[in-house]
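Trainee: Take this sequence and fold it.
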Amino acid sequence: MHAMLPLLDQLAFPAIRRGPLEALQINLTYRCNQRCLHCHVNAGPTRTEEMTDESLALLHQVIDAHPVQTLDLTGGAPEMHPRFREIVLHARREGLRVIDRCNLTILSEPGYEDLAQFLAEQGVEVSASLPCYSRDNVDKQRGDGVFEASINGLQQLNALGYGQPGSGLILNLVYNPQGASLPPPQVALEADYKQHLAEDFGIVFNHLLTITNQPIARFGSTLVSKGQFNGYMQLLRDSYRPENLDSLMCRSLVSVDWQGYLYDCDFNQMLELPLPLQGQLIGRERAHLRDLLGATLDGNPIITRDHCYACTAGQGSSCGGSLTQDPEKLLHSAMPR
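Mentor: This next block holds a predicted model:
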C-alpha cells in the first residue's frame with residue numbers, strides 16, 4: 001500500500017479552528033467482518049486492534065464529566081468490540097445520542113442475532129452503509145453476497161420499527177461513490193433510494209447520507225496504482241466551496257482511536273495526524289482521552305492537509321452526509337468543473 005501523507009501536502013487548505021465540542025467519534029476496533037475497497041481505516045477480519053479496558057474507563061469518565069451530546073461508534077465493525085453493549089448502555093443512561101456505524105451484514109453474523117433488538121431497545125441511531133440499491137454494484141465494492149445480507153439487515157431493522165414514521169428509531173443509509181468522482185446530489189439520490197428500496201424490497205429509512213471518498217488508505221492507494229490520484233485531487237480542489245467550511249464536522253467533533261488518542265477527525269486518525277493541544281500537554285506529544293477531562297478545545301487550530309478538500313468539494317461531505325441541502329447548489333456541485 002502506498003504511503004499517502006507525503007502526497008497530501010501539495011495544496012494549501014484554508015486554516016480553520018474548532019468550535020464547542022459536541023460529539024465524540026470512537027473507533028472501537030479495526031476488526032470487521034468485511035473488507036471494503038473504499039474503507040479509509042483498512043478494516044478487515046484479520047485486524048486485532050480494539051479499545052482497551054483502560055481507555056474505555058476513561059471514555060466513561062469523559063461522558064460523565066463533559067457536556068458532549070453525541071457518542072458516534074465506528075470501526076471496523078464497532079459491534080465486534082466485546083464491550084460494545086456496555087458502552088451503549090452507559091452512554092444512553094447519561095442521556096447521550098448514540099450512533100452505530102453499522103455495515104448491516106454484522107446483524108446476520110453468528111453470535112449477533114439479537115444485536116438489532118438490542119439497538120432498538122436502547123434507541124440507538126443506526127447509520128448503515130449501502131453504497132447502491134443495485135446488487136452488482138454493492139457486491140463489486142463490498143464483496144459477494146453483501147447486498148443480500150444488507151437487505152436482510154434492513155428488513156430486520158424495519159421489522160423492529162427502524163425508519164418507520166413515529167417510531168423514534170432513526171435509520172439512515174450511507175452512500176459513497178464507487179470511483180474517483182463526487183457523490184451525486186443527496187436530495188435527488190435519497191428520493192431514488194427510497195423509491196427503489198420500497199418497490200423492490202419494502203424497505204423504508206429516514207435519510208440518505210452521501211459521503212465523498214477520501215484519497216487515503218486503500219482508496220487513495222488504489223488511485224495511485226491506477227494513475228488516477230492527481231486527477232481526483234484536482235477534481236476535489238476545483239470543486240472546493242468555501243461556504244462548506246463553517247459546517248465541517250471537525251469543528252465540533254473529536255475522533256478517538258482504539259488506544260484513546262485524539263484526532264480532529266477519523267481521516268486524520270488514519271493519517272496519524274494527532275489533535276494539537278498547544279501548551280496543554282506535559283511530557284507527552286499526543287493528546288489522549290484523559291486530556292478531555294480538563295482541556296479546552298474551543299478555538300483550537302485544526303490540522304489540515306489536502307485530503308480536507310474531500311469534505312469541502314461540491315455539496316460538502318461529513319459523517320452526517322452533505323453539508324448543504326439546497327437543491328440548486330446540489331445540482332451544480334455534482335457537475336464537472
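Trainee: Contacts for stretch 57-72, please.
Mentor: With contact meaning C-beta atoms under 8 Å, 6 or more residues apart in numbering, stretch 57-72 is reached by 21-26, 51, 87, 90-91, 94, 96-99, 101, 253, 256, 260, 288-290, 292-293, 319. The C-beta positions use only the backbone N, C-alpha and C, and glycine is treated the same way.
Trainee: Using neighbour counts, pick out the buried residues of that stretch.
Mentor: Leu58, Leu59, Val62, Ile63, Val68, Thr70, Leu71, Asp72 (16 or more other C-beta atoms under 10 Å).
Trainee: Quick check: which of the residues you listed has the minimum pLDDT.
Mentor: In terms of pLDDT, Ile63 ranks lowest among these, with 86.
Trainee: And the helices in this protein, which stretches?
Mentor: Using DSSP state H, the helices found in the chain span residues 53-65, 84-93, 115-121, 135-142, 146-159, 186-201, 217-225, 229-238, 266-270, 309-312, 327-333.
Trainee: CA atoms of the shortest one as CSV?
Mentor: These are the backbone C-alpha positions of helix 309-312, laid out as CSV (Å, rounded to 0.1, in the frame of the first residue of the first chain):
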residue,chain,number,x,y,z
TYR,A,309,-10.8,19.1,0.1
ALA,A,310,-12.9,16.0,0.0
CYS,A,311,-15.1,17.4,2.8
THR,A,312,-15.5,20.8,1.1
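Trainee: what residues are up against Glu272?
Mentor: Residues in contact with Glu272 (C-beta under 8 Å, 6+ apart) are Leu5.
Trainee: pLDDT score for it?
Mentor: pLDDT, Glu272: 93.
Trainee: Check Glu94 too.
Mentor: 92.
Trainee: Pick the most deeply packed of the helices of the chain.
Mentor: helix 309-312 (a mean of 24; mean count of other C-beta atoms under 10 Å).
Trainee: Okay, strands next: where are they in the stretch 1-150 of the chain?
Mentor: Along the stretch 1-150 of the chain, counting by DSSP state E, counting those that start in this stretch, strands occupy 23-27, 70-74, 97-102, 125-129.
Trainee: in its sheet, what does the second one sit against?
Mentor: Strand 70-74 has the following sheet partners, assigned by DSSP bridges: strand 23-27 (parallel), strand 97-102 (parallel).
Trainee: what residue ranges in the stretch 101-250 of the chain score low on pLDDT?
Mentor: Low-confidence segments of the stretch 101-250 of the chain, defined by pLDDT under 70: 139, 141-143.
Trainee: ok, 80 please
Mentor: Across the stretch 101-250 of the chain, residues meeting the criterion (pLDDT under 80) sit at 131, 134-144.
Trainee: you'd agree Arg135 is up against Ala149?
Mentor: No. Contact criterion C-beta atoms under 8 Å: Arg135 and Ala149 do not qualify, at 11.1 Å.
Trainee: Give me the contacts around stretch 97-117.
Mentor: 32-34, 69-75, 77-80, 88, 91-92, 119, 122-130, 146, 149-150, 152-154, 156-157, 160, 319.
Trainee: who's in contact with the residue nearest to Ser318 when sequence neighbours are not counted?
Mentor: Take Ser318 and drop its neighbours on the chain: the residue closest to it by C-beta to C-beta, 6 or more residues apart in numbering is Met249, 4.1 Å away. Taking C-beta under 8 Å, 6+ apart, we find Met249 in contact with Ala23, Cys265, Cys311, Ser318, Cys319, Gly320.
Trainee: returning to what we had before: need the helices of the chain in a markdown table with distance to Thr210, can you?
Mentor: Output for the helices of the chain, formatted as a markdown table (distance: least, C-beta to C-beta, whole Å):
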| stretch | distance to Thr210 |
| --- | --- |
| helix 53-65 | 30 |
| helix 84-93 | 26 |
| helix 115-121 | 23 |
| helix 135-142 | 15 |
| helix 146-159 | 17 |
| helix 186-201 | 4 |
| helix 217-225 | 16 |
| helix 229-238 | 15 |
| helix 266-270 | 16 |
| helix 309-312 | 12 |
| helix 327-333 | 9 |
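Trainee: about what we covered before: now the strands paired with strand 70-74 in TSV, with mean neighbour count and distance to Leu208?
Mentor: Listed next are the strands paired with strand 70-74 as TSV, based on neighbours: other C-beta atoms under 10 Å; distance: least, C-beta to C-beta, whole Å:
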stretch	mean neighbour count	distance to Leu208
strand 23-27	24	20
strand 97-102	23	15
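Trainee: As a markdown table, these with distance to Arg47 would be great.
Mentor: A markdown table is the format used below for the strands paired with strand 70-74 (distance: least, C-beta to C-beta, whole Å):
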| stretch | distance to Arg47 |
| --- | --- |
| strand 23-27 | 11 |
| strand 97-102 | 16 |
